[in-house]
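[1] Sequence and computational prediction follow.
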Amino acid sequence: MIRIAIAQIRPVKADYEANVRRIGGVFAGFRNVETAPDIVVFSECAMSAYYIEGGVREVAVTAGTLFKDLLAQHALSRAEPVDVVVGFYEEFRNNYFNSAIYATLGGADSRILHVHRKVFLPTYGLFDEARYVQHGDSVRAFDTKWGRAAILVCEDAWHSLTGTLAALDGAQLLVVPSAAPARGVAPRGRDDVEAPGRPASVIRWERLIQRMAAENGVYVALAQPVGFEGGKALQGGSTIVGPDGEVLVSGPVFEEAMVTAELDLDAITRARVEEPLLADLEVQLSNLLGSQLRGSSPLSEYDDGDAVSGSSEPEEIPELELVEPERQDDPLAIDCELTKQWLVTFLQDEVRRRRKFEQVLVGLSGGVDSSLTAGLAARAFGPDNVIAVRMPYRSSSPDSMEHAKLVADQLGIRLITVDITGAVDGYLSAIDDDASPLRRGNVMARVRMITLFDLSARYQALPIGTGNKTERLMGYFTWHADDSPPVNPLGDLFKTQLIELARHVGVPEVILAKPATADLEEGQTDEGDLGVSYPKADRILHWLLKGLSHEHIVSLGFTEAEVSLVSNRLQGTHWKRRLPTVAMLSSTAIGESYLRPVDY
């Protein structure tokens, strides 16, 4: 029996020394367990965190340097000898790689057994790896003191061929260090009733490695970190799967944990006897590879007799019944409990761990967005650490003031009031007395943000944003005002999703039921300004972002005018979602060549 442990921990961003010490602490912890592991696995990029961008050159080390530092930490821990797998950015032969080391620590056998350099570098969507590191070029198994192993780093495992190559090379265990960001909060389907509250990406990973294990008759150990990097959640959910494809153990999501299992190598033999897929492949591999080299068979190789001459009478085929696909569920439905947990953890990570603030400020307008934000903040930091700020103007609705107090009282958070009338009118009177409602509204929004940032300095509390995805995509906010807070938990939730979550967390119904309004002038409503309802705007935006054509979206039940209105606002407001455009004069322009993630 081999005992394997996955250390599902939160790497410290761009701090190699801190992560070395953290791994040493894991080693020291093994002295306190009844049975220490034979192998401990850490995630992809465990020495620096994953989203480093142009900082790779600052955190990359040689495999020899990492081995020396791990060996020193192991010696300090006074733990039993152990094999270790650690993901890191590697400097090798004047290039940088996303790599993982397998080494034995402790005793006379201490040495590096293997270094795997990630072959498949995702450069799409959330990823831009090939810009910063080089591709590896091989997948190989290697010998250890207990048997034979191979390493695949993250996307390497998404290509089924890699696991098969490793198994054909004799691997009994595939170790998959990963740093995959969590995605997907749709409600779980019937197949997932045994695993509530997990992101869709966790479930996809589990099914992926189950297939890999069962097809090749190998153990698979997937190591994922936790935490947040620039708003992207590192999901956890580390998993160990047996050679029959059954999950042996899964770690929690968004929480640090030690995930352990016993591996019986005899189970590999039993699994391969029961389903000899790998043996079948070995028999036919040369034929399959030969067919690839030969190319397609020429037409002359086929029988040209009557069977293919078309001379026989056509067979009468009965009319087939047309089967319509099942109606899709609401594409914007969310698992509210999972979403709440995700956003609370996000706030804790971004505010306390990354920015070292103990308190937060929320501009509380009495609307659903700010009420939900305040509720999430109270759950994340405790009511005593949340300061709500009402900022009325002389034309503000009395309901806004009343509802803000209702939420503050319900949550038990501190509420202060700053009347912005004098500041807004004072500025406008110094310019002219005939400001349009649009100009006045923009001044009000910017004065409110000045207020929040000044109070931030006064109370040493970080302002939290309240804008939702619909507003951001439609450009329905004041530039450098509503969008200014450095942390925003709601920015990837459409308005209708936000309302669903707000109802789940207990925002008062009187707030949920009233028309959404920026309350910048009497009688104003969001939907009146936008010219389309939120349910329609959200779904049109969803399908536009998914790449559907206007014609396709219209066929789903929307009018051409509605689709055009939403599309035009989306296309015409990209500038509001970006930093100012700067003239690029050098090869080190900020945000073009000099690239660092927001939390570097």
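    Great, that's in hand.
[2] Contact partners for the residue found closest to Ile151 once you drop the neighbours it is linked to in the chain?
    The shortest distance from Ile151 to any non-neighbouring residue, by C-beta to C-beta, 6 or more residues apart in numbering, is to His116 (3.8 Å). (Glycine included, C-beta is placed from N, CA and C.) Going by C-beta atoms under 8 Å, 6 or more residues apart in numbering, His116 touches Ser99, Ala100, Tyr102, Gly136, Val139, Arg140, Ala150, Ile151, Leu152, Val153.
[3] what would the residues you listed look like in JSON lines with neighbour count, distance to Val368 and secondary structure?
    What follows is the contacts of His116, written out as JSON lines (neighbours: other C-beta atoms under 10 Å; distance: C-beta to C-beta, whole Å; DSSP: H, G, I helix; E, B strand; the rest coil):
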{"residue": "Ser99", "neighbour count": "26", "distance to Val368": "47", "secondary structure": "strand"}
{"residue": "Ala100", "neighbour count": "31", "distance to Val368": "45", "secondary structure": "strand"}
{"residue": "Tyr102", "neighbour count": "21", "distance to Val368": "51", "secondary structure": "strand"}
{"residue": "Gly136", "neighbour count": "20", "distance to Val368": "49", "secondary structure": "coil"}
{"residue": "Val139", "neighbour count": "22", "distance to Val368": "51", "secondary structure": "coil"}
{"residue": "Arg140", "neighbour count": "13", "distance to Val368": "55", "secondary structure": "coil"}
{"residue": "Ala150", "neighbour count": "26", "distance to Val368": "51", "secondary structure": "strand"}
{"residue": "Ile151", "neighbour count": "29", "distance to Val368": "48", "secondary structure": "strand"}
{"residue": "Leu152", "neighbour count": "29", "distance to Val368": "45", "secondary structure": "coil"}
{"residue": "Val153", "neighbour count": "27", "distance to Val368": "43", "secondary structure": "coil"}
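[4] Can you lay out those as JSON lines showing distance to Val202 and pLDDT?
    Shown next, in JSON lines, are the contacts of His116 (distance: C-beta to C-beta, whole Å; pLDDT from 0 to 100):
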{"residue": "Ser99", "distance to Val202": "25", "pLDDT": "98"}
{"residue": "Ala100", "distance to Val202": "21", "pLDDT": "98"}
{"residue": "Tyr102", "distance to Val202": "25", "pLDDT": "98"}
{"residue": "Gly136", "distance to Val202": "26", "pLDDT": "97"}
{"residue": "Val139", "distance to Val202": "25", "pLDDT": "97"}
{"residue": "Arg140", "distance to Val202": "29", "pLDDT": "97"}
{"residue": "Ala150", "distance to Val202": "23", "pLDDT": "98"}
{"residue": "Ile151", "distance to Val202": "21", "pLDDT": "98"}
{"residue": "Leu152", "distance to Val202": "18", "pLDDT": "98"}
{"residue": "Val153", "distance to Val202": "18", "pLDDT": "98"}
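[5] Residues contacting the lowest-mean-pLDDT helix or strand in the chain, please?
    Lowest on mean pLDDT, DSSP states H and E among the helices and strands of the chain sits helix 277-294, with a mean of 81. Applying C-beta under 8 Å, 6+ apart, the external contacts of helix 277-294 come out as Thr164, Ala167, Leu168, Glu215, Asn216, Gly217, Arg272.
[6] mind putting those in TSV, secondary structure and distance to Leu278 included?
    Listed next are the contacts of helix 277-294 as TSV, based on DSSP: H, G, I helix; E, B strand; the rest coil; distance: C-beta to C-beta, whole Å:
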residue	secondary structure	distance to Leu278
Thr164	helix	8
Ala167	helix	6
Leu168	helix	7
Glu215	helix	8
Asn216	helix	5
Gly217	coil	6
Arg272	helix	6
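[7] re earlier: and the residue nearest to Ile151, helix, strand or coil?
    Secondary structure state of His116, per DSSP: H, G, I helix; E, B strand; the rest coil, is strand.
[8] Appreciated, that's everything.
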